[in-house]
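Chemist: Predicted structure and sequence below. I'll ask about it afterward.
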Amino acid sequence: MKFPKVTVVGAGQVGATAAFALLTKNIADVVMVDVAEGLPQGKALDMMHSRSVERFGPRVMGTNDYADTAGSDIVVVTAGLPRKPGMTRDDLLAANSAIVRSVFEKAYAASPDAIFICVTNPLDVMVYLARQVTGLPSERIFGMGGVLDSARFAFAISEKLGVSVGDVEAMACGAHGDAMVPLPAHSFVGGERLTDILPAEEIDALVSRTTFGGAEVVALLKTGSAFYAPAISVVRMVEAILDDTGDTLPSCVYLDGQYGISDVYMSVPATLGRAGVIAIPELELSSADLAALRASAATIAEALDSLGLRG
Ligand code: APR
């Protein structure tokens, strides 16, 4: 069977975890590329050793050469430094900007027809930068933030109420960071609106747990940031694109007037398919939620302006 080709740039915690899930879920052949010599090759060999046990069909290779990534259907970028305890995502800005610039230049040159998904933080700024570097239409370059943030919200809700995660549909939008906008009025438990189930102060605690879920993991790990949930979240997006499902997943997409927000990348529900972002259907937000979303966008715009990225 011929599988689609997915390149994962950065064979670290997030990249390698995503690569392994792409294999074991029989989604795609994977090329892992990294600056570290031996790291992607070693991890790829280790994964291939598991192939006869797990009996997955796709293959993985590790490389330091972008020529091996040529003709990819999707490129997932996880290259960069992870957060250390006490660091905000914004502390990563300077270091990861340089990495993202060089990675996207090379990956785009090798696969000009691919769809690009950025995972590197600070996400909303990195995706904007990546689009500038490549000049790609925004449908083909976006980021993974909202799927993870919504998953963390779903977890917090299911733990609080003691219900199955399968019964929870949670929605978190906005910046992938402290200015995140979890949306209780668009989150449901067994079809019932969260705002009809819990009092406001209990919802506020869940919102806070969601917003600082990444930091909670960083504080525990001490040597890096979350990777299982980020990896499986980007795999969910890859699956939706390759299977052309038309699933609407909160994704870090370019906003061009939606919700009255322009010229930033930020997570909102986006319909994904083989062409990338097919549509950005707008949620009907209360005026308070809309104001929160716009305030969140303003924090991203400020970061972009401070870097001189916007014209
Ligand atoms: N080109 C390719 N790979 C690079 C480059 C580069 N220019 N610079 C760094 N890398 C690689 C590193 O060698 C490392 O293997 O990126 C990998 C990053 O892996 P980790 O340090 O394990 O970081 P990880 O936890 O995977 O996080 C990666 O994803 O969620 C975000 O905030 C997180 O920005 C971070 C990124």
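Modeler: Right, received. Where do you want to start?

Chemist: show me where the chain has helices.
Modeler: 13-24, 39-49, 51-54, 93-110, 123-134, 146-161, 194-197, 200-211, 213-221, 228-242, 287-306 (DSSP state H).

Chemist: got those as a markdown table, with mean neighbour count columns?
Modeler: In short, each C-beta sits where N, CA and C put it, glycine included. Shown next, in a markdown table, are these (neighbours: other Cβ atoms under 10 Å):
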| stretch | mean neighbour count |
| --- | --- |
| helix 13-24 | 25 |
| helix 39-49 | 17 |
| helix 51-54 | 10 |
| helix 93-110 | 18 |
| helix 123-134 | 24 |
| helix 146-161 | 22 |
| helix 194-197 | 17 |
| helix 200-211 | 16 |
| helix 213-221 | 17 |
| helix 228-242 | 22 |
| helix 287-306 | 17 |
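
Chemist: Including distance to the ligand and mean pLDDT, could those helices go into JSON lines?
Modeler: Below are these laid out as JSON lines (distance: least, Cβ to the nearest ligand atom, whole Å; pLDDT from 0 to 100):
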{"stretch": "helix 13-24", "distance to the ligand": "3", "mean pLDDT": "98"}
{"stretch": "helix 39-49", "distance to the ligand": "6", "mean pLDDT": "98"}
{"stretch": "helix 51-54", "distance to the ligand": "22", "mean pLDDT": "95"}
{"stretch": "helix 93-110", "distance to the ligand": "4", "mean pLDDT": "94"}
{"stretch": "helix 123-134", "distance to the ligand": "8", "mean pLDDT": "97"}
{"stretch": "helix 146-161", "distance to the ligand": "9", "mean pLDDT": "98"}
{"stretch": "helix 194-197", "distance to the ligand": "27", "mean pLDDT": "97"}
{"stretch": "helix 200-211", "distance to the ligand": "16", "mean pLDDT": "97"}
{"stretch": "helix 213-221", "distance to the ligand": "8", "mean pLDDT": "93"}
{"stretch": "helix 228-242", "distance to the ligand": "5", "mean pLDDT": "98"}
{"stretch": "helix 287-306", "distance to the ligand": "15", "mean pLDDT": "96"}
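
Chemist: Output these in CSV, with distance to residue 169 appended to each entry.
Modeler: CSV is the format used below for the helices of the chain (distance: least, Cβ to Cβ, whole Å):
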stretch, distance to residue 169
helix 13-24, 22
helix 39-49, 33
helix 51-54, 30
helix 93-110, 32
helix 123-134, 23
helix 146-161, 7
helix 194-197, 9
helix 200-211, 14
helix 213-221, 17
helix 228-242, 14
helix 287-306, 16
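
Chemist: Ok, which of those comes nearest residue 248?
Modeler: Using Cβ to Cβ as the measure, helix 228-242 is the one of the helices of the chain that comes nearest residue 248, at 9.0 Å.

Chemist: now for the closest one, which elements pack on it?
Modeler: Other elements packing on helix 228-242 under the criterion 3 or more Cβ pairs under 8 Å, 6 or more residues apart in numbering; DSSP states H and E are helix 13-24, strand 74-77, strand 115-118, helix 146-161, strand 248-256, strand 262-273.

Chemist: wait, what's in contact with whichever residue of the chain sits closest to the ligand?
Modeler: Residue nearest to the ligand within the chain (Cβ to the nearest ligand atom): residue 12, separated by 1.7 Å. Applying Cβ atoms under 8 Å, 6 or more residues apart in numbering, one finds that residue 12 lies in contact with 34, 78, 79, 82, 227.

Chemist: Near the residue lying closest to the third one once chain neighbours are set aside, how many residues? Count them for me, please.
Modeler: Residue nearest to residue 79 in three dimensions, not counting chain neighbours: residue 10, with 3.5 Å by Cβ to Cβ, 6 or more residues apart in numbering. For residue 10, the count of nearby residues is 27 (other Cβ atoms under 10 Å).

Chemist: just to revisit the earlier point, torsion angles phi and psi at the residue of the chain closest to the ligand?
Modeler: phi -80, psi -150 (degrees, to the nearest 10).

Chemist: Look up how far residue 165 lies from the residue lying closest to residue 168 once chain neighbours are set aside.
Modeler: Using Cβ to Cβ, 6+ apart and skipping the chain neighbours, the partner closest in space to residue 168 is residue 154 (4.5 Å). Distance from residue 154 to residue 165, counting by Cβ to Cβ, to the nearest Å: 6 Å.
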